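In: pasted the sequence and its predicted model underneath.
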Amino acid sequence: KTLNYFNDSSLEIPFEKTIVTNESIMEIQKLFDSLNRINLSTFSIIDKAISDFISIREISIQSPFRVLSYFSILELLLTSYKRGGANDSSLSNQLQKKIKLINNLVEDKIDFHDYFQGADSNSLETIIEKLYQFRNNIAHGNYSDFEKEFKIIKQNGTQVIPFLHELLRTILIVAIQNPQLIYDLKEC
């Protein structure tokens with residue numbers, strides 16, 4: 001059951017075949033045990049995030065609304081609305097900083113270079129910023145110019161969904177293993 005939370009078989013991009021080792025089984029068991037220890041009524045946003053993550057499967061892989069869905073869950077878990085705050089409180093900036101922090105904490109880091117090519121000076125924050133701008137264009141019905149503004153994620157536009165899936169999957173694992181961290185980050 002736990003594996004269903006973190007595997008999206010509707011992705012049309014073939015996953016590498018993974019040999020299930022004893023280490024993999026132990027990792028799944030650890031995640032399952034962590035999930036069972038969480039009082040989901042106390043950590044209701046994590047419960048909602050998991051439920052929403054599972055529901056993303058109902059959206060076509062070709063639909064740009066999948067991008068919106070991934071970001072809505074990321075916002076649920078990591079952002080807070082701060083009225084009248086400085087630019088640092090914008091949702092995009094919050095996501096950039098908090099995702100970088102989480103990525104620095106996890107053992108198995110998400111390397112955006114596996115999904116997007118570009119200058120070596122590009123950072124995870126730059127990718128999140130561009131993806132969030134892309135998300136805004138979808139939300140507001142605007143055209144996205146992949147020859148100019150979104151060239152950084154154009155390399156292979158089909159990589160946006162797998163990247164966001166892997167990113168959110170990693171953050172959900174952190175949320176399940178350390179729910180208080182996610183709640184604290186949300187309030188920052």
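Out: Nice, I can see it. Just so it is clear, the model here is predicted, and its values are computed rather than measured. Numbering: from 1, shown residues only.

In: what's the weakest-modelled helix or strand in this structure?
Out: When the helices and strands of the chain are compared on mean pLDDT, DSSP states H and E, helix 2-5 comes out lowest with a mean of 46.

In: tell me the contacts of the spatially closest residue to L78 that is not a sequence neighbour?
Out: Spatially, and ignoring its direct neighbours in sequence, L78 is nearest to K98 (4.6 Å; C-beta to C-beta, 6 or more residues apart in numbering). Bear in mind the C-beta positions are built from the backbone N, C-alpha and C, glycine included. The neighbours of K98, taking C-beta atoms under 8 Å, 6 or more residues apart in numbering as the test, are 78-79, 185, 188.

In: can you rerun that using 10 Å?
Out: K98 sits next to 74, 77-79, 128, 171, 182, 185-186, 188 when contact means C-beta atoms under 10 Å, 6 or more residues apart in numbering.

In: PyMOL command to pick out the buried ones of those residues?
Out: One line in PyMOL is enough to select the buried members of the contacts of K98, burial here meaning 16 or more other C-beta atoms under 10 Å:
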select buried, resi 74+77+78+79+128+171+182+185+186
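
In: ok, so of the contacts of K98, who is nearest Q94?
Out: The shortest distance between Q94 and any of the contacts of K98, using C-beta to C-beta, involves T79 and amounts to 4.6 Å.

In: next one: the residue lying closest to that closest one once chain neighbours are set aside, what pLDDT does it get?
Out: In space, not counting the residues next to it along the chain, T79 is nearest to Q94; the distance is 4.6 Å by C-beta to C-beta, 6+ apart. In the predicted model, Q94 carries a pLDDT score of 95.

In: again with the one 10 residues further on
Out: pLDDT recorded at N104 is 95.
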